[in-house]
Structures are given as C-alpha cells and as structure tokens.
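**Student:** Curious how this folds, go ahead:
(chains A and B)
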2 protein chains.
Amino acid sequence: MDSPLRTFLILAAIVSFASFLFAGWLYSWVKSRHSSNKRIAQVGKLITAGANTFLKREYIMLSKFAGVAAALILVFLPRPIWLGEPLDNVMMALAYIAGAAFSAAAGKIGIQIATIANMKTAEAAKEGIQPSFMAGFRGGAVMGMAVVGSSLLGVTLVYVLTGSHSSLLGFSFGASSLALFAKAGGGIFTKTADISADLVGKVELGIPEDDPRNPAVIADNVGDNVGDVAGMGADLFDSNVASMVAALVMAGSLDKLMGGKMNTAMVFAYTAIGLLSSIIGVATARIGRGGDPTKALNSSTYVTTSVFGALTALATWAFGFEWRVWGASAVGLIVGVIIGITSDYFTNDTKSPVKMVAKASESGPAFTILSGISYGLVSALPAMIGIAISALVAYKLCDPLGPGYAMFGISMAAVGMLSIVGMIISNDAYGPIVDNARGLAEIGNLGEDVLATTDELDSAGNTVKAITKGFAIGAAGLTVIALLGAFISEVNIAASELGVAGIVGFDVMNPLVFFGMLVGAAVPPLFSAMLMLGVNRNAQRMVAEIHRQFNTIVGLKEGKPGVEPEYDRCIVIATEGAIKELIPAGLVAILLTIAVGFIGGVQAIGGYLTGNIVSGLLFALFMSNSGGLWDNSKKFVESGNHGGKGSPAHKAAVVGDTVGDPFKDTAGPSINTQITVISLVSSIMATLFLTLSLF
Amino acid sequence: MDSPLRTFLILAAIVSFASFLFAGWLYSWVKSRHSSNKRIAQVGKLITAGANTFLKREYIMLSKFAGVAAALILVFLPRPIWLGEPLDNVMMALAYIAGAAFSAAAGKIGIQIATIANMKTAEAAKEGIQPSFMAGFRGGAVMGMAVVGSSLLGVTLVYVLTGSHSSLLGFSFGASSLALFAKAGGGIFTKTADISADLVGKVELGIPEDDPRNPAVIADNVGDNVGDVAGMGADLFDSNVASMVAALVMAGSLDKLMGGKMNTAMVFAYTAIGLLSSIIGVATARIGRGGDPTKALNSSTYVTTSVFGALTALATWAFGFEWRVWGASAVGLIVGVIIGITSDYFTNDTKSPVKMVAKASESGPAFTILSGISYGLVSALPAMIGIAISALVAYKLCDPLGPGYAMFGISMAAVGMLSIVGMIISNDAYGPIVDNARGLAEIGNLGEDVLATTDELDSAGNTVKAITKGFAIGAAGLTVIALLGAFISEVNIAASELGVAGIVGFDVMNPLVFFGMLVGAAVPPLFSAMLMLGVNRNAQRMVAEIHRQFNTIVGLKEGKPGVEPEYDRCIVIATEGAIKELIPAGLVAILLTIAVGFIGGVQAIGGYLTGNIVSGLLFALFMSNSGGLWDNSKKFVESGNHGGKGSPAHKAAVVGDTVGDPFKDTAGPSINTQITVISLVSSIMATLFLTLSLF
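**Tutor:** Numbering: from 1, shown residues only, chains lettered A, B, ... in the order given. Next up, the predicted model:
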C-alpha cells in the first residue's frame, strides 16, 4: 500500500475515533446539566420510551427487509454465486448488513441524546438563552459526530478489509436501506402525530399546542425525535457514505489506470479532514450571554468551511494531490453554501416570499396555497442552476487531468459539499431538540419567560434548518450525479469481464434512454405522493383514536387532575401506520427500477437514473422550500401581522402549514433517499441488466 | 414534383377548404337557431363585446411582439442576412407572421361562434337536451374545423411556396408566439375573473354563481371564451402545426438522402386524412332525444379514430408508403386514447380518486389539498409511461427502415395522435359554450328545468375535457420529442454548410448536456409559478374593484331594478393584468434558452430541451389532473355527498377548486406552449448556438 494512502487511512480511523470521544464528552456534558422538574422528567421518560418503541419496531421490520436483501445479495451479487467468486458475495452481503447496522447505531445514539438534551434545554432556559442554547446545540452535535464518525469509520473498514467496489456499494446500499425506513418511515410518523394532534387539539377543541390532555402530544414529541433526529441523521449518513463510495469507486478505476493509489488516498484525506473540521467547528461554537443563536449556528458553519478549505489545501500541497481536484471540491463547498443561502431567502420571514404568502392569506387558504406553491416552484431554479454550474465547473476543471478525471471531479465536488456534514447534522438536530424543549417547558409549566427563550431558540432552529436542507439537497444532487458515474464504472468493469462492449454515456436520442428518462422522472412524484397519502390515511386513524379517548376517558377533556390520556396507543398507531404505509412506496420505486432495467438494459437505466435525479431534485427543492415557507408564514402571522392569532389570515396560514408539514418533513426530504436507493440498486445490478434485458 | 406528393398537397388543400365550408355551414346552422329572450341577448352582447376587447388588446400587444420578432428573424435568421441568402430571411419572417396571423384568425372565428352558440344553447335547452346539445356541439365544431383547416392550409401553403425548412419552422414559431399570448394570457384572464367573482360573490356576499349583480360576472363569462375557446384553440393549433412541421423537417432530410418525396407525401397524406376523419366524426355526431351527451361526444371521437386508421391504411397500401410508419402513427393514436382514459380515471367522479378527495375534505381544506396534489402526482406516471412506450415502439418499428427513420417514426406517432385534433377541439370548445349557456340561463331566468339540462351538458363537458386534456398533453409530449429530432436535423444542416462536425445525440454524461438539463427542467415550474402568481396579483386588483363597485354604486347589492354594475371595468382589469403578467414569464423562458445556448452551445441546448420536456410533461399532467380532480370533487360534494352544499366538506372542496382553477386552466396547459416555444427558438437559432458559444 502506498504511503499517502496508508497515512490517510490511519488518519481517517484516528479522526473517527476522535469524533466518538468528542461525542462521548458532549454526551456526558449534556447529561450532567442540572434538571429537577419532576413533571418534565416523567414526560421525558414517556417520550424516550415512545421513541424506543418506534425504533425497535422499525429496526425489527428493517432486519426482515435487510435479511431478505442480504440473502439475495449473497446469491446473486455482485454476480450469481455459481458464476463468480463466492467470497465476493459473502463480503458484499456482510458489508450491506454493516452499512445498515452502522447507520442504525448512529440513529439510536442520536435518539438517546436528543431525548435527554430536550429536557436539559428546557430546564436550562430558566437560566437564560446561553446555557439553554449550549445544551441544545451540544445535544445535536452528539448526533452529528456519531453519524459522520461512524460513516467514515465504516467506509474505511470496508475498504481496508475488502478493497472491493462491490462491498463498498453494498455498504452504501445498506445505509440507504436504513435511510429509507428511517427517513420516510420517521417522516410519516412525525407528521401523522403532528397533524392529528393539531387537528383535534388546536382546531376542534381549541386547547393549546403541547397541552398534556391531548393523547397525541407525546407521539408528536416522539415524532420530532424519530423523524427529524434519527431520520435526518440516517438520510445524511446515507448521502455521506454514498458520496464517499462514489468517489472511491471512480478513484479506484483511475488508480488502476494510472498505477499508485493517489486518488484513493485523496478521497480519504478529504473526508477525514472534513470530519476534523466539523469537530473544530462544533468545539468552537459559542454564544454570548443574550447573544443571537442564529449567528452562533451560522458562524460555526463558516469556521468549519474555512478550516476544511485550508487543511485540504495544505494536504494537497504536502502530498502532491491534484490542485484541480482541490478546486472541484472547493467549488462544491462554495456552491453548497450559496444554495443554502437561496433556500433561506425563500423561507426566511424577513424576506419577501414569506411576507407575500402571509399577505395572500388574508384572501383565504386557497391563496396561501397558490402563492406558497408558486414560490416553492420558483425556488427550485437557483438551486438547480447552482448544482448545474458546480457540476460543470468541477468537470471542466478536472477534465484536462485525463480520461475519467472529469467525473471524479464531480464526485469530489460532492465530497467537498458534504465535508461539513457533521456541522450540518449538529445544526439540524438542534432544531427538534429545542422544539421539544419548548413542548416540555409548556408541559412542565416553566412560565412565560422560559417559553420566550425556547421560542427564540426554536425560531433560530427553523431558519438554520432551511439553510441546511437546501444544502443537503444540493449535496445529494452532486452525489447522485457521481453515482451515475459510478454506475458507468460498474457496467464497464462487468462488460470487460464478460468481453462485451462497454458504455461511454447515455444519449438522450437513444429511445431506450428516453424511455427510461420519462419513467424515471415520474418516480419521485409518485414516491412522495404515496408517502403523503400514507400520512393522510394514518392521520385519519389517529384522529379517530384521539376522539375515542376524549369520548370515553372521563374527565380528560376537562383536565381533571390525575386523569391521563393513553399516550402509548397513539404512539403505536403512528408506528404501525408509518411502517405499513412506507413499504409500498419503497417497493414500487425499487421494482420500477428493476423492471426498467430488465426491459431496456443499462441504457434505459442510465436514462431512468437521469430522469429520476432531475425530477427528484426539482420536487425535493419545491416541497422542502414550500413547506418551510408556509411554516414561517404562519409564524409571521402569529407574531401579530395581518390580524395575528385567530384572524382569518391565521386560519388560512394554518392550512398552509398543515399542507407544508408532510411536504417538508415527509415527502421532500425522503426523495433524496429514494434517488440514492435506486442509484445503488442500479449499480449493484449492473451486471444483470447488462446481460439480461428485453431490448 | 413526385406524383404522390402532388396528389396529397392537392388533397390537403381540398380538405382544408372543405373544412372551411363545413365550418361555414355549421356556423349558419347554429346562427339560425331560435332565440328570443331579450335579457340573454343583451348580456350576450356584453360578453361578445368583452371578448372582442380582450382579443383586440391581445392582438395589438402580439403585433408589437411579433413585429420585433419578425424584424429579428429578418436580420439574423435562418442565418445573419449579410452571410446568407437574404430571400431566405424574408421568407422566414413572412412565414412567421403568417403563422401568428392564421392562428389569430382561427381564434377570432372561434370566439365569434362561441359567443353566439352559448346563447343558442341556453335557449335551445328549453326544448330539451337534444337540440341544446347540438347547438353547443356544432358551435364547438366550428372552432375545431377552423383551427385544423387553417393549420393544414397554412403549412401546405408555406411548403408549396417556399419548400424550406426554415420557413416551416418560422410558421410554427409564429403559431407558438400567438399560442403563448392566447393560452397563457387567456388563462390568466379567465382565472382572474373566475376567482374574483367567486371570492366576493359566493364567499363574501353569498350570492349565487352567475348572479348579474356581480360586477365580475361578465368578465367571468368572457374568460371562458378567451381562455378555454380561443386559448385552447391556439394551443392545439400550435401543437398541430409543430407536429406537422417536425415530421416535414425530418421527412425532408430523409427524402434528400433517399431521393424522391415519398416521406413528405406521407406526412401530407396523413394530416389531410386526419382532418377528413374529423369532418366525418363531427358530421356524424348525434344524440338521441334524452340521450347521454358524454356518450355522444366519446362515440364521435371513436368514429374519427377508426376512419383515420382505415383511410391511412388504404393510402399506405395504394401509394406504397411504409407500413412500419403507419404502425408508428397507429401506436401514437392508440396510446393517445389510452392516456386520455387514464386522465379520466383520476378526474371522474365515479372513480376512487375524486371520491377520496371529497372524503378527505371532511377533515378540512388542508386534506383536500394534500390528497388532490398526491393523486395528481400519481396520475403523471401512467401517462409518462404511455408516452415513453409509444416513443420507444415507434422508434423500434421504424428503425429498420434506415438511418433517420426512427425519429421520423416518433414524429409520425405524434401526427397520428394529433390526427383527431379537429374532434378534440370540437369537444373541448363544447365545454365553455355549455358552461356559458348555463350562466346565461341563470341570467335570463329560464327556470329550473333549463338549468338542469344545461347542468347535464356541462357535466358531460367536464368529463370529456379531462380526456381531451390528457390527450393534448400526450400529443405535445411526442411532438416535442420529434422537435428534438428536428433540432438535430437543423444543427446538422448548418454544420455541414459550415464544414464543422455535426451531432448525433446528447450524452447525459457530457457535463454541458447535464448542465442544460438541470436548468431546462427548472423552467416549466418557474413559468407556471409566474403565471399563477400573476393570477394571484391580478385577482387582488379585481377584488378591490368589485368591492369598490359594491360600496359606491347605490342599490347594487340589494339588486334594485335598473341598477347595473360596471361590467367593463372588470374586463379591462382582467385584460390589462393578463397581458402585463404574461410578458415576464414568456420572456424569462425565452431568455434562459438563449443564455443556455450561448453558454453551452448545441449540446447544452439538447440537454436543456430534454430537461424541459421531461419536467414540462410531469408538471402539465400533475397540474391538469389535480385541477380537474378538485373541480369534480367539489361537484361531487355539491351533489349531496359528505354533507352537500354549505357543509364544512364543501367549504374545503371549494378551496381545492380555487387552487385547482389556475392549475388546470392557466399553468398546466400553458406548459405545452412554453415547451414548443423554446423548442422552436432552439431550432431556429441552431446555427448561432453552433458557432457562438462560451464552451
């Protein structure tokens, strides 16, 4: 093994362990915060138990799914076991299981800390914004460190132990399988609970948000944890692993061509430095007493970005990596930040779109919806242009280095964009923690001052969330373009082994490519619609349950002391429904991929992936941004504009927010995972599609 | 000139004139129907005057736009006048003006008859459903015949007089320019008026639909004519011309290669037979006394389809055309009908989606919206698969005929799908005529029985409209794929003249193609969002005007006899607003095309068009179907389900319908035109993009 590769593999392992140590320190720091309120402790215990119930069921379901998938891999992949090297199949199946397991472990850790951090954040709010912010932020950072550390460690281990592309793809596919369950399932759970709680509580009975009489209130809080913490973590674990694997697959092909292991070494160098930069960014995050939490969150992102840029430049200089590739990764990072800023424009309540939607709400809910959808659709353009330009620039920068470098450049732009993913996850997990803290403060009767503090923290969470969401979609966009390159690599390796002609690209004038493209483009809207219909159906079940409890439990509606709703019934409904509704959506996406592959072969799949990426990015951006826009428009009205709370504009804005909830928290973000899953299914099945197809 | 080509050029001319004669006969038949009600005559006159006001302003605006465009064509296209043959530029500029003028004339005729037919239909309803249906249907058929006759005649004339591709493309671009104004402008007009009238009338004041006290009621009726009759006619004129021109451009290239003119002859044969079949279909449309209008409309579509299939087979046999190409056109036609049927599934109130959305409305408007959007998104899949399969089958059928035939096959599938466009327009124009007739019956106090009759006719119109809309989008899909082929033809002709390398296709792994694709895909959502925001803004202006009238005109609200609102003020607001809001959306689409072309050259444009087609089809299908679904869900609730009129479910369903209105009548259908416009801009500017680009 070449010395730079060994150096950076060791660095990757060290940094991964460092991130675990740091996560452990943060964990115990958060845990050692003061807490005394009994009511909060009691409710917190219920939330923790609920979240664990969900995770347990989800993981059981997942093990069945993963078991079947691993068995199929064992028999058929990377090639039928009777044709190839059985050991390859065993390694790939094991790598697949490891991918799912590593991601599951990170999710479990995230839930664990989030359900502690929300209590600590709520109680710390009594002492002011600074200690409360630190509890929330450091809680989120545990998740960030755990996810990035375990993804880097996992990829490094698989690489060191097997060195094979198919095992790396298997690991990535395992991570994607989990993400599909965690993100889409968690998304259905959280919105089922959220919508049902609001519908019966706020709309029908007029009791406040987070009122403990509401049987769905605990499920709602559990939902924030399982959807926004565990789900989002699994999603970014998935993207992060996929970007590393895509880069490694292409680096491997290049290294084979050029001799040496410099390109592979470079991938490990950059990803290890990315995690290191995130550690530094988290460690330096501070907020002054009474300071602005948004500024604190953003500034730590900028610290991470600068450290990453500087350290990768240093590594490139010291080890003689290609400067052009460094340029590609820097472009990715910069464009990522720009995309984040444009998402912020469309969802920030100090900017025109949110204000216009709030104003339109005066004319009734139809106008809230129409204008929110319109701005969401418009918002896709700048991000699409940003992704397009970063891919183009990365390609053109690296193309002169030789054949194959152009696509490698794109994959390194994705790695660059995702280098700060640890920071992104930390910021993103902060959101649901402080959101929950607000709920606990309400339940624990901590008073108006505390609620004001948690509201401020919550609002900062929402703003930062919009930025990180745009960022995550942009990164996913580049990653999946890189995965398309990885797919070609895999097809060509298989083709050269089989002695048939390989492929260089996918011509849209080839009718098979066009056929695939039209079908692939229709999948993300189908997938997201199925999830939204799932939320709809599931919410109807839960509303019926809430009605049943209010009708049959004596004294519940009146809030008689000692009378408690059966919280766990709602949690069970949300859990079972989420898993039930998720399966068909995931299966349809995977089966359509397989059908297109066996009908039209690798050319059709190339078109299919392209169509899927293009329409998937569009719908993910549209749905996430519209959803965020409606959420903040509602808050803008609630803060006293256009008649404030209870006005007709407010009612209309609430309708917008309800529509936006599954948009931004179920359908939109799940599209990333859907794209990654089918890209990986395609890469993994490349040999089969190449040899067995109708056309 | 070869004998079959001459034969079919003569046939095309004869059939065009026959269609004009037939339209003239239908026109006088409708005009000679009995009418006596003074109130209806008076209001009818107001509607006619309003529609003419709009058309006049629109055409003035268009002449300015077309004047500038024609001047630019004269100087720069098909190539800069100082480099090429000046006569080519003159012919192209003239053809461009002719394209806009022919379409404008057809639109004017359509409006003329529609504003007469609605009165006749209303009064004929006193005598029963049969005479009323015939008046509405034959009124619509005037439009159908005028549009198809003039498009066929125009293309034939341009071909005979110039024989040049660039002039044909110029003619098509002229038709597209008009369609952009007529469809998008008319769409903004009609929904501005519709929404404003409902918002103040039905929602605020609780007065019935079409109540003559409402100042926007005439504007609303005018809107049905200018949006649904003239706009829809211009849209299908545009698609029809584009499909013919795409086929002719490719047929010309093939003929050049093969010698003879057989392929060109075939295009004229098929389009002439298509019009002939539509004439027969319209002429045989009958409804028994008390019969079912939906059945009558559908059966005449099936007559047209069968006649077309049989006659083209006969022509293919008699003149020795290629059977494989006949097969391609038959596939197009069949798939078109299938797409229509699937659209019907998602929008018909006897099927599950409409019922589910009506049921979801019981939980409030957010659920109406969520479920309607979800079903709309799902509905795109079957149509996308249908278009994909018809393109694939047409390609594979014709590929063995030699190089270039495969794309020609796709263009002939589009011609086949659009062969029955005369029938489609007739059925589609029937809708707004009977919708208006209902309004007039209300205004003219013709009694409950007449209203019941017009309601039944209206409901048939809605059902058929869904089918024809799906059909139109499918046809547009195939046409634009064919236009992509035409674009390559044009680039290669230019390349061979310039002595540079031509292109064979667009590889998605080429970063320029991918760059173009991401940007192109973001254009349809941007374009439709800009139109919807335009409707929003314009409706706010009109609502303010309606409030002003109710507040300042004494006795208006109370319905004091002799007191009339100022109808024309609302018409002027809708007209001016529509044109004002439309310009930026059209310009942005065209300018982005030009920008991408000059940045990335023809490869980027290839990707741009592909992305635009794919996402355009998705959004057009989604928006049209969601809109139709909400409309019919509202009607389903109004007919007594889930609490009927005035219930909470009804209120929620009305919100859905209001959101759906601009979806289905402004944004969705305008996307077709947007795609055609930029495809033609690209083809026309092919030489410039080939020679002057940044990358």
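**Student:** Just confirm A:Ala494 contacts A:Ala686, I think it does.
**Tutor:** Yes - using CB atoms under 8 Å, A:Ala494 is in contact with A:Ala686, at 5.6 Å. (Each C-beta comes from the backbone N, C-alpha and C, glycine too.)
**Student:** can you map out the helices along the stretch 201-350 of chain A?
**Tutor:** A:217-223, A:232-258, A:262-283, A:293-319, A:323-347 (DSSP state H, counting those that start in this stretch).
**Student:** where in chain A is pLDDT low?
**Tutor:** For chain A, the stretches with pLDDT under 70 are A:1-2, A:288-290.
**Student:** ok, longest helix in it?
**Tutor:** helix A:567-638 (DSSP state H).
**Student:** now it against helix A:323-347, angle please.
**Tutor:** 80 degrees (axes from the mean of the first three to the mean of the last three CA atoms, to 10 degrees).
**Student:** how about the very next helix or strand once past helix A:567-638, does it reach chain B?
**Tutor:** Later in the chain than helix A:567-638, the nearest helix or strand by DSSP states H and E is helix A:648-662. Yes - Helix A:648-662 is in contact with chain B by CB under 8 Å from any CB of the partner chain, via A:Val654, A:Val655, A:Thr658, A:Val659, A:Pro662.
**Student:** pretty sure the fourth one contacts A:Ile369?
**Tutor:** Read that as A:Val659. Yes - the pair A:Val659 / A:Ile369 is scored as a contact, 6.3 Å apart, by CB under 8 Å.
**Student:** Need the residues touching each of the two.
**Tutor:** Residues touching both A:Val659 and A:Ile369 (CB atoms under 8 Å, 6 or more residues apart in numbering or on different chains): B:Ile369.
**Student:** report the angle between the axes of the longest helix of chain A and helix A:648-662?
**Tutor:** Going by the same axes, to 10 degrees, helix A:567-638 makes 130 degrees with helix A:648-662.
**Student:** so how far is helix A:567-638 off the chain centroid?
**Tutor:** 12 Å (CA atoms, centre = their mean, to the nearest Å).
**Student:** And for A:Gly499, the neighbour number?
**Tutor:** Using other CB atoms under 10 Å in any protein chain shown, A:Gly499 has 6 neighbouring residues.
**Student:** and what of the one 3 residues further on?
**Tutor:** Other residues within reach of A:Gly502, judged by other CB under 10 Å, total 15.
**Student:** I figured A:Pro215 hits A:Asp568, correct?
**Tutor:** No - here A:Pro215 lies out of contact with A:Asp568, judged by CB under 8 Å, at a distance of 9.4 Å.
**Student:** ok, these two, which is more surrounded?
**Tutor:** A:Pro215 (28 against 15).
**Student:** What are the phi and psi values at that one?
**Tutor:** Phi and psi for A:Pro215, reported as degrees, to the nearest 10, are phi -60, psi -20.
**Student:** For it, which non-adjacent residue is closest in space?
**Tutor:** Spatial nearest neighbour of A:Pro215, chain neighbours left out: A:Pro565 (3.6 Å); criterion: CB to CB, 6 or more residues apart in numbering or on different chains.
**Student:** Does A:Ser371 fall in a helix, a strand, or a coil region?
**Tutor:** Of the three states, A:Ser371 takes helix according to DSSP: H, G, I helix; E, B strand; the rest coil.
**Student:** burial of it, as a residue count?
**Tutor:** The burial count for A:Ser371: 28, using other CB under 10 Å.
**Student:** picking up where we left off before, between A:Ala494 and A:Ala686, which has more neighbouring residues?
**Tutor:** In terms of neighbours (other CB under 10 Å), A:Ala686 is the more surrounded of A:Ala494 and A:Ala686; the figures are 28 against 20.
**Student:** from memory the more buried one sits against A:Val602, does it?
**Tutor:** Yes - the pair A:Ala686 and A:Val602 qualifies as a contact (CB under 8 Å) at a distance of 6.6 Å.
**Student:** Shouldn't A:Leu556 be within a strand?
**Tutor:** No - read with three-state DSSP, A:Leu556 is coil and lies in no strand.
**Student:** In the stretch 551-695 of chain A, which residue sits nearest chain B?
**Tutor:** A:Thr658 (3.6 Å; CB to the nearest CB).
**Student:** Show the contacting residues for that residue.
**Tutor:** A:Ile195, A:Asp198, A:Leu199, B:Gly364, B:Ala366, B:Leu370.
**Student:** Mind doing that once more with 10 Å?
**Tutor:** Neighbouring residues of A:Thr658 by CB atoms under 10 Å, 6 or more residues apart in numbering or on different chains: A:191, A:194-195, A:198-199, A:203, A:365, A:539, A:630, A:634, B:363-367, B:369-370.
**Student:** Narrow those to those that are buried.
**Tutor:** For the contacts of A:Thr658, a burial check counting by 16 or more other CB atoms under 10 Å in any protein chain shown picks out A:191, A:194-195, A:198-199, A:365, A:539, A:630, A:634, B:363-367, B:369-370.
**Student:** Take the residues you listed and keep only those in strands.
**Tutor:** With DSSP state E as the criterion, strands contain none of the buried ones among the contacts of A:Thr658.
**Student:** Common neighbours of A:Ala494 and A:Ala686, please.
**Tutor:** Common neighbours of A:Ala494 and A:Ala686 (CB under 10 Å, 6+ apart) are A:Pro78, A:Arg79, A:Val602.
**Student:** Quick check: the gap between the last one and B:Thr454.
**Tutor:** Looking back up the chat, that one is A:Val602. 57 Å (CB to CB, to the nearest Å).
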